[in-house]
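# mind looking at a prediction? Sequence and model below.
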Amino acid sequence: MAMQTTTIEVDQLTADLLNAQAEANGPTLAAWLRSIAETGPKTLHPSFFGTASPEERARAVEEWASRHRSSTPPLSDEAISRESIYGEREDKQL
């Protein structure tokens, strides 16, 4: 199989990230990129939140939230007052 060289210009951060991924996943950057090209994208379908209508997204978030309710009582008005949150910071500025 003849070897062909292709140059792809990327910024330094992207190059560093690709090299780090290659070190973690394969013997060389070329081999790792080849494996990605051969297997295709990890997700063949767009995400739910990328394709759902605003109403569907809102319903999904509400359903998710209802599954995570806890028996913890809500915070008191004092606990969430501006003074209790920022009081110490404002005292230091004076």
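Good, I have the coordinates. Residues are numbered from 1 along each chain as shown.
# how about low-confidence regions in this protein?
1, 41-45, 89-91, 93-94 (pLDDT under 70).
# show me where it has helices.
12-25, 29-39, 48-51, 54-66, 82-93 (DSSP state H).
# output the contacting helices and strands for the first one.
Secondary structure elements in contact with helix 12-25, counted by 3 or more CB pairs under 8 Å, 6 or more residues apart in numbering; DSSP states H and E, are helix 29-39. Where C-beta positions appear, they are placed from N, C-alpha and C, glycine not excepted.
# so what touches the helix it packs on?
18, 19, 21, 22, 25, 26 (CB atoms under 8 Å, 6 or more residues apart in numbering).
# which ChimeraX command selects the buried ones in those?
If you want just the buried ones from the contacts of helix 29-39 in ChimeraX, going by 16 or more other CB atoms under 10 Å, the selection is:
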select :22
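# want to throw the contacts of helix 29-39 into JSON lines with distance to residue 81?
JSON lines is the format used below for these (distance: CB to CB, whole Å):
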{"residue": "18", "distance to residue 81": "49"}
{"residue": "19", "distance to residue 81": "50"}
{"residue": "21", "distance to residue 81": "47"}
{"residue": "22", "distance to residue 81": "52"}
{"residue": "25", "distance to residue 81": "50"}
{"residue": "26", "distance to residue 81": "55"}
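# nearest to residue 77 among the contacts of helix 29-39?
residue 21 (49.2 Å; CB to CB).
# list the contacts of the closest one.
Counting by CB under 8 Å, 6+ apart, residue 21 has contacts residue 32.
# quick one on the thing from earlier: can you tell which of the helices of the chain is closest to residue 72?
By CB to CB (comparing all of the helices of the chain), the closest turns out to be helix 54-66, at 14.1 Å.
# check the offset of that closest one from the chain's centre.
Mean-position distance between helix 54-66 and its chain equals 19 Å (CA atoms, centre = their mean, to the nearest Å).
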